[in-house]
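> Sequence first, predicted coordinates after that:
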Amino acid sequence: MSTEIKRRIFLKRSLAAGTVGIAAAAGLLAPQRVLAAWNKEAFEAKELPAALNALLGSSDVAESADITVKAPDIAENGAVVPVTVDTGMDGVESISIIASNNPVPLVANFVMGSGASGFVSTRIKMGKTGDVVGIVKAGGKLHSAKKEVKVTIGGCGG
Amino acid sequence: MAKSIKIRAKEKGGVTTVKALMTHPMETGARKDSKTGKKIPAHFIQEVVCKHKGNTVMTAEWSGGVSKNPYISFKFSGGAKGDEIELSWSDNKGGSDSMKSAIK
């Protein structure tokens, strides 16, 4: 058997295995979607209080010194702004990241499972200069911290 | 189909740090095509689930406000070296992918 034929068989087999893997993954994912349905109302809300009410059941947020929101002072590229929310609080249930001046302010919500600590890091888009707010739900209450990020679009890093 | 997820998990002092990169366009639906002037339809990841030995340690829900080719990092305790960790995402068009890795 020439190496060419072997290669073909190998390709065929790996392709077949790939398809099965994807089918299995899709099957596994389906029930999760039912359990944690994407919160359309919250993620399409144009106003922050409405988004918070829809997502967390309350918009009553207290500022807290125990939360650190790490983001750059100046973001030259608003399409990629690294954001880290870190907190030492116990019993963190969820961490939400909000870009207050975005058309859709609620960017992401991380639901922390058992054992997860109050730390999450990601990259977000920002339309213009504004506060990045980290909201931590712990012990049934909402706590927040914010950090202003200046976004320079088309600027030279001024 | 090429795998769209890169995942790395590292255990140190009882805390496992998970870092993951996904390949995805993350279109908000508000952007316009510069040539046709038509809106580019929304196409973004709505949900990311990370499991450690079958237990969900983190679920992320996203709007289109997360950067394209999203990166996430988070920490959890209770993981040990060699444990299996699985990350999966699903988007608003019904697409999905998942990836397994072992904690190092």
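Sure thing, it's come through. All values reported here derive from a predicted model rather than from experimental measurement. Numbering: from 1, shown residues only, chains lettered A, B, ... in the order given.
> and residue 68, what element?
Here I'm looking at chain A. For A:T68, the host element (DSSP states H and E) is strand A:67-70.
> Residues contacting that strand, please?
Here strand A:67-70 makes contact (CB atoms under 8 Å, 6 or more residues apart in numbering or on different chains) with A:82-87, A:89, A:132-134, A:136, A:143-147. Where C-beta positions appear, they are placed from N, C-alpha and C, glycine not excepted.
> just the buried members of these?
Buried residues within the contacts of strand A:67-70, counting neighbours by 16 or more other CB atoms under 10 Å in any protein chain shown: A:83-87, A:89, A:132-134, A:136, A:143-147.
> just curious, which of those residues is nearest to chain B?
Nearest to chain B, judged by CB to the nearest CB, of the buried ones among the contacts of strand A:67-70 is A:T84 at 7.9 Å.
> Can you give me the neighbour number for B:G78?
Residues contacting B:G78 under the criterion other CB atoms under 10 Å in any protein chain shown number 16.
> any idea how far it is from B:G13?
Distance, B:G78 to B:G13, using CB to CB, to the nearest Å: 12 Å.
> now B:K100
As defined by CB to CB, B:K100 lies at a distance of 24 Å from B:G13.
> Which of these two has more residues huddled nearby?
B:K100 (12 against 6).
> Surely that one is within a strand?
Yes: counting by DSSP: H, G, I helix; E, B strand; the rest coil, B:K100 falls inside a strand.
> what about B:S96, how many neighbours?
Quick note: B:S96 (other CB under 10 Å) scores 20 neighbours.
> beta partners of it?
Counting by DSSP bridges, B:S96 is bridged to B:S90.
> That one touches B:W89, doesn't it?
Yes: counting by CB atoms under 8 Å, B:S96 touches B:W89, with 6.3 Å between them.
> Would you check how far apart the residue nearest the centre of chain A and chain B are?
By CA atoms, centre = their mean, chain A has its centre lying nearest to A:A108, at 3.5 Å. Using CB to the nearest CB, to the nearest Å, we find A:A108 at a distance of 5 Å from chain B.
> from memory that residue sits against B:G64, does it?
No: using CB under 8 Å, A:A108 is not in contact with B:G64; the gap is 10.5 Å.
> can you map out the strands along the chain?
Went with chain A since none was named. A:61-63, A:67-70, A:74-75, A:81-87, A:92-99, A:106-112, A:116-124, A:130-138, A:141-151 (DSSP state E).
> That was the other one, I meant chain B.
Assigned strands in chain B, in chain order: B:5-12, B:15-22, B:45-52, B:55-62, B:71-77, B:84-91, B:96-102 (criterion: DSSP E).
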